[in-house]
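Student: Mind folding the following:
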Amino acid sequence: MDNRLFLLDKNYILKQAQSDLRLELQAQLVDLVKAAYFDCFNPLRLPDEVSEQVENFRPVHLSFFDDLYDILAGIYRYQIGDNQLELLFDGSSHYEKYLIDWKETFQGYVRALCQKKNFILAALELTVFHTMENRIELAQNRMKVAIFDHFELKVYKHKGIQTFKSKSA
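Tutor: Numbers count the residues shown, from 1 in each chain. Coordinates of the predicted model:
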């Protein structure tokens, strides 16, 4: 997302690092979801038709995850909040630090989201079980709902990121 999602969303070095890692992390998202499928639905890895489809799936393109990646990237920038550069004494650049930090955080976000069955199933619907008849918007929306519920944040097109109270609170 090129637009600012909140008032202090001005960390352009972090945005560049997130942009540069997009394809790598989207591919990791698919791998993490596949692993979560087996953990949740087939922990013994007994062979069946669905498990074989999941195991053998190799993504051709990952554009179905663009909006979701942008949402998670925006939530990360919102959560760290501070756009001031810190002093680095290890000789690395801020760009390099952001690459490492964002990659670790993204993986943590996806692992946490993969604890939700609806997230796993929606991600598989966008990848392994995607057909032209499926409405990809429905699966994307289910994934967004899981993200918003998990972080108790919502991303609006014009208002940016807003906090909300979950129904269980």
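Student: On the three-state scheme, residue 92 is what?
Tutor: When classified by DSSP: H, G, I helix; E, B strand; the rest coil, residue 92 comes out as coil.
Student: where along the chain do the helices fall?
Tutor: Under the criterion DSSP state H, helices of the chain are mapped to 12-20, 22-41, 49-56, 66-80, 94-113, 117-126, 136-151.
Student: how far out from the middle of the chain is the last one?
Tutor: Yep, that's helix 136-151 we're talking about. 10 Å (CA atoms, centre = their mean, to the nearest Å).
Student: so how far does stretch 110-128 reach from one end to the other?
Tutor: Using CA to CA, to the nearest Å, the end-to-end distance of stretch 110-128 comes out at 17 Å.
Student: That should have said stretch 58-77, apologies.
Tutor: Its start and end residues considered, stretch 58-77 measures 30 Å (CA to CA).
Student: Give the rounded mean pLDDT of that stretch.
Tutor: Averaging pLDDT along stretch 58-77 gives 90.
Student: list the buried ones in it?
Tutor: 59, 62, 64-65, 67-77 (16 or more other CB atoms under 10 Å). (Each C-beta comes from the backbone N, C-alpha and C, glycine too.)
Student: ok, now stretch 42-52?
Tutor: Result for stretch 42-52 [16+ other CB under 10 Å]: buried residues residue 51.
Student: With stretch 125-143 instead?
Tutor: Residues 125-128, 130, 139-140, 142-143 are the ones in stretch 125-143 that count as buried (16+ other CB under 10 Å).
Student: Then stretch 16-30?
Tutor: Those would be 17-18, 21, 25-26, 29-30, for stretch 16-30 by 16+ other CB under 10 Å.
Student: Over to stretch 76-96?
Tutor: For stretch 76-96, the neighbour count (16+ other CB under 10 Å) marks 76-78 as buried.
Student: Please tell me I have it right and residue 88 contacts residue 95.
Tutor: No - the criterion here is CB atoms under 8 Å, and residue 88 misses it with residue 95 at 10.6 Å.
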